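**Student:** return a 3D structure for these sequence lines:
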Amino acid sequence: MSEIDEKQMLLYAQMANLVNLILQFLSVDLREIAENFSKFAMLIVFVTAN
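**Tutor:** As a prediction, this is how the structure comes out:
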C-alpha cells in the first residue's frame with residue numbers, strides 16, 4: 001500500500017468518526033426535542049380538557 005493510500009484511508013476513517021459523532025449528537029438532540037414536544041402536547045391536551 002502506498003503512502004498516499006494510507007493517508008487517504010486515515011482521512012476517511014477520521015471523517016467517518018466525525019460523522020458518527022455528529023449523528024450521535026443529533027440523535028440525542030432529536031430525542032430531547034421529541035420528549036419536550038410530547039410534554040408540551042400533553043399539557044395542551046390537559047389544559048383544553050379542563
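**Student:** now stretch 15-24, how far from the centre of its chain.
**Tutor:** The chain centre lies 9 Å from the centre of stretch 15-24; the measure is CA atoms, centre = their mean, to the nearest Å.
**Student:** send the alpha carbons of that stretch over as PDB?
**Tutor:** C-alpha atoms of stretch 15-24 as PDB (Å, rounded to 0.1, in the frame of the first residue of the first chain):
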ATOM      1  CA  MET A  15     -14.200  11.700   8.600                       C
ATOM      2  CA  ALA A  16     -16.200   8.600   9.500                       C
ATOM      3  CA  ASN A  17     -15.600   9.200  13.200                       C
ATOM      4  CA  LEU A  18     -16.600  12.800  12.800                       C
ATOM      5  CA  VAL A  19     -19.800  11.900  11.000                       C
ATOM      6  CA  ASN A  20     -20.500   9.300  13.700                       C
ATOM      7  CA  LEU A  21     -20.100  11.900  16.500                       C
ATOM      8  CA  ILE A  22     -22.300  14.400  14.700                       C
ATOM      9  CA  LEU A  23     -25.000  11.800  14.200                       C
ATOM     10  CA  GLN A  24     -24.900  10.800  17.900                       C
END
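**Student:** buried stuff in that stretch?
**Tutor:** For stretch 15-24, the neighbour count (16 or more other CB atoms under 10 Å) marks no residue as buried. (C-beta placed from N, C-alpha, C; glycine too.)
**Student:** equivalent analysis for stretch 38-50, please.
**Tutor:** Result for stretch 38-50 [16+ other CB under 10 Å]: no buried residues.
**Student:** that one: how far from the chain's middle?
**Tutor:** That offset, for stretch 38-50, works out to 27 Å (CA atoms, centre = their mean).
**Student:** just stretch 3-18 next, same as before
**Tutor:** 22 Å.
**Student:** report the rounded mean pLDDT for it.
**Tutor:** In this model, stretch 3-18 carries a mean pLDDT of 89.
**Student:** spatially central residue in this structure, please.
**Tutor:** The structure's the chain has its C-alpha centroid closest to Leu26; by CA atoms, centre = their mean the separation is 1.8 Å.
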